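Trainee: dropping the sequence and predicted coords here.
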Amino acid sequence: MNTPTSPLRYAKQARPLVLMLGASIAFAACQSGPSEAELAAKAETEQLRNELQSRDSLIGEMALSFDDIEKNILLMDEREKLLGENVSGDMNIDKRKKIVRDLQLMNGLMQESRDRIAELTKRLDKSKIEASGLRKKLKELDTMLASRDSSIATMKDGLLAKDFQIEQVNQQLTAMELEVAKREAFIEQQTNEMNAAWYVVGTSKELEERGVVTSSGGFIGIGKTAQMNVDVTNNEFQQVDVRQMTRVPLGVKKAHLVSEHPKDSYRIVEEGDELAYLEIKDPNAFWKLSRYMVVEVK
């Protein structure tokens, strides 16, 4: 005869089965992993992260490239100015070599900048970045290069008329030679900037009208004192190299310095009945207080 099982005893017997069933379900859940939706979301997040990193990397590289190209353009402008100065007058062998070297540098800077713009444009086209600002900047730089290219071509035509060879003016430097030439040019540029000064000569009226000086004091226009205008721009002056500037032609009856310079560093030389020129006896002392010289004449 079967004896009925008590509820308490049944519960005790069923507990291990329940625990085993729960463990099986938990194990199965662990084995199944993330759902398809979770995996898709994770992949989408990872793709977005990669795209953002790629965008930021490209934008950063383009910003650095823009800076490099602009430096090349400034260096080309500076070389063009120096080249123009060297072309004027008689040209000895050393000067001709310097002209050829400067042209080769300008050719290299132009090619390097154009290659960089082409590469950046290609990378931007392949990317998914909406970057109208970057494209606008690339176009601006390309326009600036086109303008310099035209100036260089005109300069080359002038040199060919002075018996330079076409191979000389069109020669390209190797990548290593270009880097060396750029470093030398930057050093020369910095040296020139360190030795730059500015001067202007004019009557009191001329200097005031150009905004170089301001007058103060005096009575009804008599006894006024002229002082340099601190807001005047360099465009009103002629730039010189303090290493080469020793004389300032005058050819007037009266002259005096408005700008401040030690009196024993210069002298005004008289020839006949006029003041012929201002001679700078000690350039280091003369330009120590100010890199601007203003001479008022009558």
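Mentor: Sure thing, it's come through.

Trainee: CA only for contacts and neighbour counts going forward, please
Mentor: Will do.

Trainee: burial count for residue 130?
Mentor: The local packing count at residue 130 equals 11, with neighbours defined by other C-alpha atoms under 10 Å.

Trainee: so how far is residue 116 from it?
Mentor: Going from residue 130 to residue 116 by C-alpha to C-alpha, to the nearest Å gives 20 Å.

Trainee: also residue 63?
Mentor: Here residue 63 is placed at a distance of 12 Å from residue 116 (C-alpha to C-alpha).

Trainee: looking at those two, which has the bigger crowd around it?
Mentor: residue 116 (18 against 13).

Trainee: isn't the more buried one up against residue 64?
Mentor: No. Using C-alpha atoms under 8 Å, residue 116 is not in contact with residue 64, being 11.1 Å away.

Trainee: neighbouring contacts of stretch 102-111?
Mentor: Contact partners of stretch 102-111, identified using C-alpha atoms under 8 Å, 6 or more residues apart in numbering, comprise 72-73, 76, 79, 83, 145, 149, 168-173, 178, 181-182.

Trainee: what do you get if the cut-off is 6 Å, keeping everything else the same?
Mentor: When contacts are taken as C-alpha atoms under 6 Å, 6 or more residues apart in numbering, the neighbours of stretch 102-111 outside the stretch itself are 72, 76, 171, 172.

Trainee: from the chain's centroid, how far away is that stretch?
Mentor: For stretch 102-111, the distance from its own C-alpha centre to the chain's C-alpha centre is 17 Å (C-alpha atoms, centre = their mean, to the nearest Å).

Trainee: what are the ranges of the strands in the stretch 51-200 of the chain?
Mentor: Taking DSSP state E, counting those that start in this stretch as the criterion, the stretch 51-200 of the chain carries its strands at 196-202.

Trainee: quick one, helices of it?
Mentor: Taking DSSP state H, counting those that start in this stretch as the criterion, the stretch 51-200 of the chain contains helices spanning 93-126, 132-160, 166-170, 175-194.

Trainee: tally of neighbours for residue 206?
Mentor: Around residue 206 sit 14 other residues, with neighbours defined as other C-alpha under 10 Å.

Trainee: show me where pLDDT drops low in this structure?
Mentor: Low-confidence regions of the chain, defined by pLDDT under 70, span residues 1-33, 37-55, 89, 216-225.

Trainee: domain ranges for it?
Mentor: Recorded structural domains for the chain (assignment: automatic domain parsing) are 49-192, 195-297.

Trainee: for the ones you listed, give me JSON lines that also has distance to residue 36.
Mentor: Converted to JSON lines, these look like this (distance: least, C-alpha to C-alpha, whole Å):
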{"stretch": "domain 49-192", "distance to residue 36": "20"}
{"stretch": "domain 195-297", "distance to residue 36": "69"}
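
Trainee: between those, which one is closest to residue 34.
Mentor: Using C-alpha to C-alpha as the criterion, the shortest distance between residue 34 and those is 20.4 Å, found for domain 49-192.

Trainee: just flag the most distant two among the contacts of stretch 102-111.
Mentor: Counting by C-alpha to C-alpha, the most remote pair of the contacts of stretch 102-111 is 72 and 171, 17.8 Å apart.

Trainee: and these two? which has more neighbours close in?
Mentor: Here residue 72 and residue 171 are set side by side on neighbour count (other C-alpha under 10 Å), and the busier one is residue 72, at 20 against 15.

Trainee: please name the nearest non-neighbouring residue to that one.
Mentor: Spatial nearest neighbour of residue 72, excluding adjacent residues (C-alpha to C-alpha, 6 or more residues apart in numbering): residue 109 at 5.9 Å.

Trainee: grab the most central residue of the chain for me.
Mentor: residue 71 (4.0 Å; C-alpha atoms, centre = their mean).

Trainee: tell me how far it lies from residue 170.
Mentor: If you measure residue 71 against residue 170 using C-alpha to C-alpha, the figure is 22 Å.

Trainee: can you check residue 109 too?
Mentor: Residue 109 sits 13 Å away from residue 170, taking C-alpha to C-alpha as the criterion.

Trainee: more crowded one of these two?
Mentor: Using other C-alpha under 10 Å, the more surrounded residue of residue 109 and residue 170 is residue 109, with 25 against 16.
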